[in-house]
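J.: just a sequence and a predicted model for now, questions to come.
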Amino acid sequence: ERIVCLPQYEVAGRLDKVCLESDGTPVIADVKSGQDLSHKNKKLEIAIQLACYAHGINTSGVWNLKDQCCEPVPKVRTDYALVIHIPAGSGSCEIFTIDLHSGWEAVKLCAQVKDTRNDPRTLRPAAAGGLGLDGLWSDDYHHALHAFLTRERSGYYEDFGSFEQVRRVLEDGVAFTGQPSRYWGRRRGRPFEGVRAEQLVVYAQNHDQVGNRARSDRLSALLPFEAQKLVAAWVLLSPYTPLVFMGEEYGETAPFLFFTDHGDARLGEAVRRGRRAEFAAFGWDVEVPDPQAESTLVRSRLAWEDRTQGTHAALLAYHRALLGLRRSHAAFRLRDRGHRSVWGDPTRQVLAMQRWSEDARVLVLFHLGETRAEVSVPAAPGVWRPLLDSTDAVWGGPRTEASGDQSSRGSLSVALEPWQVLVLARRGDS
């Protein structure tokens, strides 16, 4: 077995065999033992794998573990490969060819999807010239708020950190719709016209954004408790499809470290070096936990018992209340662009999101600042009653007195505590 790299797509794998045709032309061969290959997508999966091997060999060669470099080898065929299938318990073997053209087209399509997360064509039906995907991660949604609250500016965060980007992702789901990107060195994204809100998956934490940090630290280690509640409402009260990372709902403090169990010691060492090099690009000068060490896995286990204690229990109850509002209140059910507006005050660092249906209207205030702020925000005329206040003592907050009703003639004057979220509903509406 030899390691083959395909640098342009950042993938690598171990090639089983290279066979020779009668004229001496090398052909990739792969052994599949004990697998059921009857599923309609299984052969395409194999074609993708072997197409990467073939093009990797022809463009980069194979990886020399001793010298830590790629070395050239004779070029192989890129139109077909051989699969040697040994079904479990059958005592037989079958050999068949696999089409590498279809595999390579699928590779390019996957790369296109990864590279165009801010391109609405990814979500359009194939008949309309799109790729026909059901949904996309909105990494912008995460990056904008994370960079603003943590002040991190290294790696891909160098493109983020402004208040306007935070406002824009809440209103539109993405920050980049064709603007120049310093990190990518080119313009990124397209206007997201015709994209439904539910097609964008938004999050504050996930396996990538936590696991790929040097310390794999969660937001519970980076932000104060009140700011964590702001983040929860930011995700769960948005019009988009929310994702809550395991343990986030109660403020899990254990890191989610990158851990592996490679049987090949050389591969394990290559992973270690790769992790260190990646974090150097982010400017994280820390000792990276050994991915191969069992202790790295053990440190990543959730402490489920915490969810019933102190602020952990309060944060869990708060998440449940937010989900209850999202599910039950009519104004949160309509998610299209015509039923929401977002206003922002960058000086006071306050965002006001109004959402409405035919017979209901809510106003959600997000205070992103670290000091108390008094602000006048746009609000439809009427009397507004509080539905949820993140600073309430029931959610582990500092406020002991309930917020009262407020009247609006087109605006509301409010005083907001650091990182406070205040949800108001207009009286008389459903």
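T.: Structure's in. What do you need?
J.: low pLDDT regions in the stretch 151-300 of the chain?
T.: Scanning the stretch 151-300 of the chain for pLDDT under 70 picks out 281-282.
J.: residues in contact with stretch 363-377?
T.: 148-149, 163, 166, 170, 230, 233-234, 237, 343, 345, 348-355, 379, 384, 411-426 (Cβ atoms under 8 Å, 6 or more residues apart in numbering). Any C-beta I mention is one placed from the backbone N, CA and C, and that applies to glycine too.
J.: PyMOL command to pick out the buried ones of those?
T.: To isolate the buried members of the contacts of stretch 363-377 in PyMOL, using 16 or more other Cβ atoms under 10 Å:
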select buried, resi 148+149+163+166+170+230+233+234+237+343+345+348+349+350+351+352+353+354+355+379+384+412+414+416+417+418+419+420+421+422+423+424+425+426
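J.: next step: the contacts of stretch 363-377 restricted to helices.
T.: Counting by DSSP state H, the contacts of stretch 363-377 place 148, 149, 163, 166, 170, 230, 233, 234 in helices.
J.: hmm, the fifth one is touching residue 234, no?
T.: Right, the one you point to is residue 170. Yes. The pair residue 170 / residue 234 is scored as a contact, 7.4 Å apart, by Cβ atoms under 8 Å.
J.: that older thread, and the ones in helices among the contacts of stretch 363-377 as JSON lines, adding distance to residue 142?
T.: Formatted as JSON lines, the ones in helices among the contacts of stretch 363-377 follow (distance: Cβ to Cβ, whole Å):
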{"residue": "148", "distance to residue 142": "11"}
{"residue": "149", "distance to residue 142": "11"}
{"residue": "163", "distance to residue 142": "16"}
{"residue": "166", "distance to residue 142": "11"}
{"residue": "170", "distance to residue 142": "12"}
{"residue": "230", "distance to residue 142": "14"}
{"residue": "233", "distance to residue 142": "15"}
{"residue": "234", "distance to residue 142": "10"}
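J.: residue boundaries of the helices in this protein?
T.: In the chain, the segments counted as helices under DSSP H are 42-60, 100-115, 139-150, 163-172, 207-211, 225-236, 265-281, 294-299, 310-328.
J.: let's have those helices in JSON lines, adding distance to residue 133.
T.: JSON lines is the format used below for those (distance: least, Cβ to Cβ, whole Å):
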{"stretch": "helix 42-60", "distance to residue 133": "17"}
{"stretch": "helix 100-115", "distance to residue 133": "7"}
{"stretch": "helix 139-150", "distance to residue 133": "15"}
{"stretch": "helix 163-172", "distance to residue 133": "18"}
{"stretch": "helix 207-211", "distance to residue 133": "18"}
{"stretch": "helix 225-236", "distance to residue 133": "21"}
{"stretch": "helix 265-281", "distance to residue 133": "27"}
{"stretch": "helix 294-299", "distance to residue 133": "33"}
{"stretch": "helix 310-328", "distance to residue 133": "24"}
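J.: do you know which of those lies nearest residue 200?
T.: Nearest to residue 200 among the helices of the chain is helix 139-150 (7.4 Å), distances taken as Cβ to Cβ.
J.: in strands, which of the contacts of stretch 363-377 fall?
T.: Among the contacts of stretch 363-377, DSSP state E puts 343, 345, 350-355, 384, 411-416, 421-426 in strands.
J.: could I have stretch 81-89 exported to CSV, CA atoms only?
T.: The C-alpha coordinates for stretch 81-89 follow below in CSV (Å, rounded to 0.1, in the frame of the first residue of the first chain):
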residue,chain,number,x,y,z
ALA,A,81,-9.8,0.8,-12.7
LEU,A,82,-10.1,-2.8,-11.4
VAL,A,83,-12.1,-3.9,-8.3
ILE,A,84,-11.3,-7.2,-6.7
HIS,A,85,-14.3,-8.1,-4.6
ILE,A,86,-14.2,-10.9,-2.0
PRO,A,87,-17.7,-11.2,-0.4
ALA,A,88,-17.7,-12.3,3.2
GLY,A,89,-18.1,-16.0,3.7
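J.: can you give the distance of it from its chain's centre?
T.: Relative to the centre of its chain, stretch 81-89 is centred 36 Å away, using Cα atoms, centre = their mean, to the nearest Å.
J.: likewise for stretch 340-360?
T.: A distance of 25 Å separates the centroid of the chain from that of stretch 340-360, by Cα atoms, centre = their mean.
J.: got the contact list for it?
T.: 163-164, 166-167, 170-171, 237, 239, 329-334, 339, 361-369, 373-375, 377-380, 416, 425-426, 429-430.
J.: now with 7 Å, please.
T.: Residues outside stretch 340-360 that contact it (Cβ atoms under 7 Å, 6 or more residues apart in numbering): 163-164, 167, 170-171, 239, 329-334, 339, 361-369, 373, 375, 377-378, 416, 429-430.
J.: among those residues, which ones are in strands?
T.: Going by DSSP E, the strands hold 361, 362, 363, 364, 365, 366, 367, 373, 375, 377, 378, 416 from these.
J.: for the nearest residue to the first one once chain neighbours are set aside, give its distance to residue 103.
T.: The shortest distance from residue 361 to any non-neighbouring residue, by Cβ to Cβ, 6 or more residues apart in numbering, is to residue 426 (4.7 Å). When Cβ to Cβ, to the nearest Å is applied, the distance between residue 426 and residue 103 equals 56 Å.
J.: go on, residue 289?
T.: 36 Å.
J.: what about these two, which has more around it?
T.: Ranked by neighbour count (other Cβ atoms under 10 Å), residue 289 and residue 103 place residue 103 first, with 26 against 20.
J.: wait, that one touches residue 48, no?
T.: Yes. In this structure, residue 103 is within contact of residue 48 by Cβ atoms under 7 Å, at 4.6 Å.
J.: from the ones in strands among the contacts of stretch 340-360, which would you call buried?
T.: If we count by 16+ other Cβ under 10 Å, the ones in strands among the contacts of stretch 340-360 have these buried: 361, 362, 363, 364, 365, 366, 367, 373, 375, 377, 416.
J.: out of those residues, which is nearest to residue 30?
T.: Closest to residue 30, out of all of those and judged by Cβ to Cβ, is residue 366, at 52.1 Å.
J.: just list whatever residues bridge to the closest one.
T.: residue 351, residue 421 (DSSP bridges).
J.: what number of residues lie near the residue nearest to residue 74 when sequence neighbours are not counted?
T.: Leaving aside its sequence neighbours, residue 74 sits nearest to residue 26 (Cβ to Cβ, 6+ apart; 5.3 Å). By other Cβ under 10 Å, 16 other residues sit near residue 26.
J.: many thanks, I have nothing further to ask.
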